[in-house]
Every structure is written in C-alpha cells, then in structure tokens.
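Peer 1: Got a sequence here, can you build the structure:
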Amino acid sequence: MSTSALKEVPTKGPDHISPQWKQSARPIQKFGTVIRSLPIGIDERARTEVCEQLNLMLADTSSLRDLYKKSHWQVGGPTFYQLHLLFDKHFGEQAELVDQLGERIQTLGGVSVAMAHDIAELTRIARPPRDREEVPVQISRLLEAHELIIKNARALAKKAQDLGDDATNDLLVSDVVRTNELQVWFLSEHLVEMPLVHAK
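Peer 2: Now for the predicted structure:
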C-alpha cells in the first residue's frame, strides 16, 4: 500500500481509544431472585429456597474466613508461629468454600451476596471486637463460628436433598461440613491442657 493511500484512510480522534468508564444501568437481576426457567431439573421454588439459605451460609463462611485473617494478624504468645500459620491455612480453605458457595448460588440461577457491608447484614456470626484478644478467646470465637456453620450446613444439606438438589447436598456435606469439622479438630486441640515435658 502506498503512502498516499495511507493518508487517505480516515482516522478517529483520541476519544475513540478512551475508556468509557462512567457507566450505569439497571440491574440485570435483583438480589433474592432466581432465573425463572433454568434447564437443570430443579424448579424455581426449590432453587429460590436453597439460594436464600446458601446466601446465609455464604455470609457466615465469609465472616469466618475474615475472622481467621484477623486472628492470623493479631495472634501472640508462645504458640504464635504455629497458630499464625494454622490460621492462615484455615483462611485459605474458607476462601475456597466462599468461592464454591458463591458459584453454586449462581449455578442455581440466584445472585450471590458479595460485598462486606451486605455480608455483615446477613451473617449469623457474632461480630468480634476490633481489639486484640488472647489466644484462648480467639480460638473460642472461631470454634463458635464453626459450630454455627456446621449445624446450619447439615440442616440445609438435608433440605436440599429433600428438594432434589443433590449437588448442593454434596457441596455442603463433602466440602463445607468436612472442612469445618477438620478445622475444629485442629483448633480444639489448642485448648486442651496437656503436659509438655513431664507426664502427670
């Protein structure tokens, strides 16, 4: 192509490559609703009921995840190193559950709760103080949160099974309950009084 031909091609101004970032529109789906027709073999009523409960589970799991990060940062004392690492490991495992729960809600045609202020409104886990607390108190808070999640996960798993939602039942039993039970075991052992050097 000749130079003269290139000059004849019309060019657009610099606004053509500027990002169009100041945009807004109506939501494509309201929170608390599910897509009416979805070919996954579960009716709208069942999906609505399960998504509502899954969003509560998601809010609780998000809160527990963040409680682990708070504990990871603020832990102290002779077991600092072990608990600092354990809390961060559990944080990562809870973060995986958050993603699985959020994606399950979307798979069912619902809308996953996502932002911190919305999670704070929905969660059933008691809000901890901003203060730094002693290790036994930190662990006790975590164990209480685990118990709440495990109890609710078992109840929701049964409900999901009754409604014909086998995948949600599997997620709750195989992932949520098992992960939380294992984390409870690791945590609770830190609250057992055991001799370190000499047997009693």
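
Peer 1: any weak-confidence spans in this structure?
Peer 2: 1-15 (pLDDT under 70).

Peer 1: show me where it has strands.
Peer 2: Counting by DSSP state E, one finds no strands in the chain.

Peer 1: Spatially central residue for it, please.
Peer 2: Note on the chain: the residue nearest the mean C-alpha position is V98, at 2.3 Å, using Cα atoms, centre = their mean.

Peer 1: my guess is it meets M57, correct?
Peer 2: No. Shown here, V98 and M57 do not form a contact pair, counting by Cβ atoms under 8 Å, at 9.9 Å. Using the backbone N, CA and C atoms, a C-beta is placed for each residue, glycine as well.

Peer 1: Output stretch 108-116 as CSV, nothing but the C-alphas.
Peer 2: Extracted C-alpha coordinates of stretch 108-116, given in CSV (Å, rounded to 0.1, in the frame of the first residue of the first chain):
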residue,chain,number,x,y,z
LEU,A,108,-28.9,-22.3,40.7
GLY,A,109,-29.8,-19.0,38.9
GLY,A,110,-29.6,-16.9,42.1
VAL,A,111,-27.5,-13.8,43.0
SER,A,112,-24.6,-14.3,45.4
VAL,A,113,-24.0,-11.9,48.2
ALA,A,114,-20.5,-10.4,47.8
MET,A,115,-19.7,-7.1,49.5
ALA,A,116,-18.6,-6.8,53.1
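
Peer 1: re earlier: which residues sit in contact with the residue nearest to the centre of the chain?
Peer 2: Shown in contact with V98 (Cβ atoms under 8 Å, 6 or more residues apart in numbering): 58, 61-62, 65.

Peer 1: Y68 contacts L142, doesn't it?
Peer 2: Yes. Between Y68 and L142 there is a contact at 6.9 Å, judged by Cβ under 8 Å.
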